[in-house]
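Participant: please work out how this folds:
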Amino acid sequence: MSVRGNPKNFDNVDDALILFNEMIDKYPRPSVVEFNKLLGTIVRMKHYAIVVSMYSQIELLGVPHDVYSFNILVNCYCQLGHIDFGFSISHATSLFDEMVDKGYQPNLIVYSTILNGLSKTGNTDRAVRFLRMMEDRGSEPNIVAYNTVIDSLCKKGSLNEALHLFSQVKVKGIRPDIVTYSCLIHAMYDLGQQEEATRLLNEMVDNNISLNIFTYNILIDAHCKDGKIFEALDTVDTMKKQGIEPNLVTYNILVDAHCKEGKVSKAEDIVDTMIKHSIEPNVVTYGALINGHCLQNRMDKARKVFRSMIKKGCAPDISSYNIMINGYCKAKRIDEAMELFHEISQKGPIADTVTYNTLMQGMCQLGRVSSACELLRKMIAFGQVPNVMTCSILLNGLCKSDKLEKALELFQAMRNSKLELDIVCYNILIDGLCKAGHIEVGKELFHKISLNGLKPDVYTYSIMINGFCKEGLQDEAYQLFRSMGDNNRLLDSCCYNVMIQGFLQNNYTSKATQVLKEMVREIQKKYYRFDNVDDAFNLFNKMIQRYPKPSIVEFTKLLAAIVRMKHYAIAVSMCSQMELLGVSWDVYSLSILEGMVSEAKDVVGTMIKQGIEPDVTYNILVVAHCREGMVSETEDIVDAMIKHNIEPNVVAYSALINGHCLQNKMDKARKVFQLMIKKGCAPDIFSYNIMINGYYKAQRIDEAMELFHEISQKGPNPDIATFNTLMQCMCKLGRVSSACELLRKMIAFGQVPNVVLDKLEEALELFQAMRNSKLELDTVFGKELFHKLSVNGLKPSVYTFYND
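Facilitator: Next comes the predicted model:
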């Protein structure tokens, strides 16, 4: 083997090592040029650590560096991610000076290599400083060097700095390329700055820079994240017209978006299309499909895709396993989740923190807190570090299981481990302490929050206010309530409700009324908080990622703001995501859609044209039309649903029944009710209550009682609204004794009456006698009843305060 031989002929690193050993034994020794050829070959084999070791030996032998050897060495350190391992930036600078003194000038490749290494290892600030040093030394960076730093700034979230550097590039007369624009546009979309991204996109086109597949994928991804799948598909069509075919990334974005919208069948069609175009699905594609089935609680289908993935030679990564485990946990099939966990333990990949957290969450939800704590011990034993989510899951499980001592022990252990606990952990523990009556311990922990560098949020205050109220410490509760406003913290409806209920429980009626009126004023203001839909959408994304999920009340405020901005398609998309996440609508969240009835029809029309099943949208339309009194139009919508093989759900059927009841068309209401049962959609107690209330208003008490006997025998269980409606009906017809008999049944069914119970039978008879004798019931009588409500620990509702 010749020392002067061509090193490019090496097939493996062993041959290269043999030649290196021969070279260092030669005398005179080969020049650095010969060593560079050899080591350059080893670099191409990606044996970076070996090259670093070889150069150390060369230096010891007195072979001097040249600009090429320096470049090779810098590249190796950067690839290894060891910028500070024997080769710091200060060392590099001094070596640059030495090279310049000897007549060598570090070239652009050397600078770019270091910039790339710094950026890849997250040393963005140092990369910026190095870029400036490069300019100062007279080596003008090219667009590749600037792109490296701009991309690093964008990934760090420092968009303003990236834009400032972008401006400097243009001032210097350097022409930005497709990479420059793509980095900035991607960052803008990620930060919700759609308008700025569009402006930059137009600037790019004006500068005759054609979009490539990378840029198109950024646009498609941005549309999908905004819930604008139609626009994403339009962008794909535009891309194809430009002669650019979708790649694996494009298809994965579309598959994921459709699955998250609940359109798994459409996602499967997209996968079929990509296979026809010779693009094989990868682990990301399969993961999106599996997640789509899991979101719809179709775990058997998810399992089928998972097994198919393995069968086709695509090894699932830990993310794929985590999706499956999460799906099983949400379906309360914890044993199957554990089977997968044991499969990971035996065959790999290595379970990560997400795996353990998901399983612990599933166990805690089923009350198996001891098993969750045991899993924590295994997690630590296997080298996985618990994070703040681990802590919040276990704290929540322990508090709900009344294991407060263990919760406090865990909390202290996590703090001792230097884990930075967030406000959620404090909230969970304080809530558990307050509910168990340990208000003083909760108060002490509340005061420690600020000392530990955190700020109490609205939930912290609500928990403490509620705790004080339950202990009868009304003054402390109100003082804390008012301090929120003084400290510029946002009072929400939850805080107001807690404070109002606290006042009522402790007979402070006038103060409760005062706070109630203040709450109404503040909530009306908050409905107009957003200036544009981007802000609203950013908040929605934050809300759905929060743990625990916000209440339907919070989502309703947001939906109302979006509807007022006339972004109806976005409102519908959000409703769809809410349903997939298990956030149930209530009458208020549905009522905000009243104003978009005609517009919503257009949205549905567009969806059908695009081949997308507007299942959630249909159900919303049914409710909205019925609330507008448009019952015949509602029937048309239900017919359209059935035509498109979309079965109305219990909410839609109940809305239609209610529509007929409101128009006193009880026979039609009964017909819809029976159709609902025939179609396999089991009526809930809300459906029965609508029918019973309709019969009551039509004074058809016997038919109302028939339905009552039906639910008594077959279910669902009658609730307080069922009994109240029937008793009100009987009293109105003068059948007070029957009402009293029904009261006894109510108590037998375990329902707690929500009226003053002292001598209720006599009260009913007396009240009816007063009405029959034409005795006028004045405000004095009303005030006495109101007083009785508070004395007996009951909570007057908004209607109590505002009824005429």
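Participant: how is this protein divided into domains?
Facilitator: 435-517, 520-755, 756-804 (automatic domain parsing).
Participant: worst mean pLDDT among these?
Facilitator: Mean pLDDT is lowest for domain 756-804 out of those, coming in at a mean of 45.
Participant: what about Ser510, neighbour count?
Facilitator: 8 (other Cβ atoms under 10 Å). The C-beta positions use only the backbone N, C-alpha and C, and glycine is treated the same way.
Participant: ok, Ser392 next?
Facilitator: 23.
Participant: and if you look at the one 5 residues further on?
Facilitator: Neighbour count for Gly397, taken as other Cβ under 10 Å: 27.
Participant: quick one, phi/psi of it?
Facilitator: phi -60, psi -40 (degrees, to the nearest 10).
Participant: burial measure for the closest residue in space to it that isn't next to it in sequence, as a count.
Facilitator: Leaving aside its sequence neighbours, Gly397 sits nearest to Cys364 (Cβ to Cβ, 6 or more residues apart in numbering; 3.0 Å). For Cys364, the count of nearby residues is 22 (other Cβ under 10 Å).
Participant: what residues does the helix or strand Cys364 falls within touch?
Facilitator: Per DSSP states H and E: Cys364 is located in helix 353-365. When contacts are defined by Cβ atoms under 8 Å, 6 or more residues apart in numbering, helix 353-365 is touched by residues 318, 321-322, 325-326, 328-330, 332, 334, 337-338, 341, 344, 369, 371-372, 375-376, 378-379, 384-387, 389-390, 393-394, 396-397, 400.
Participant: show me the strands in the chain, by range?
Facilitator: Ranges of strands in the chain, per DSSP state E: none exist.
Participant: residues contacting stretch 226-240, please?
Facilitator: By Cβ under 8 Å, 6+ apart, stretch 226-240 touches 194, 211, 213, 216, 219-220, 223-224, 245-246, 250, 253-254, 257-258, 261, 537, 569-570, 573-574, 577, 606, 610, 612.
Participant: show the buried residues in these.
Facilitator: 194, 211, 216, 219-220, 223-224, 246, 250, 253-254, 257-258, 261, 537, 569-570, 573-574, 577, 612 (16 or more other Cβ atoms under 10 Å).
Participant: out of those, which are inside helices?
Facilitator: Applying DSSP state H to these, the entries found in helices are 194, 216, 219-220, 223-224, 250, 253-254, 257-258, 537, 569-570, 573-574, 577.
Participant: count the residues that sit near the spatially closest residue to Ser182 that is not a sequence neighbour.
Facilitator: Leaving aside its chain neighbours, Ser182 sits nearest to Thr215 (4.8 Å; criterion: Cβ to Cβ, 6+ apart). Applying other Cβ under 10 Å, we find 21 residues neighbouring Thr215.
Participant: same question, Met464
Facilitator: 25.
Participant: what's the nearest residue to Pro64 once chain neighbours are set aside in contact with, if anything?
Facilitator: Ranked by Cβ to Cβ, 6+ apart and with sequence neighbours excluded, the top spatial neighbour of Pro64 is Val32, at 6.3 Å. Residues near Val32 by Cβ under 8 Å, 6+ apart: Ile58, Val63, Pro64, His65, Asp66, Tyr68, Ser69.
Participant: let me know the closest of the residues you listed to Pro176.
Facilitator: Tyr68 (30.2 Å; Cβ to Cβ).
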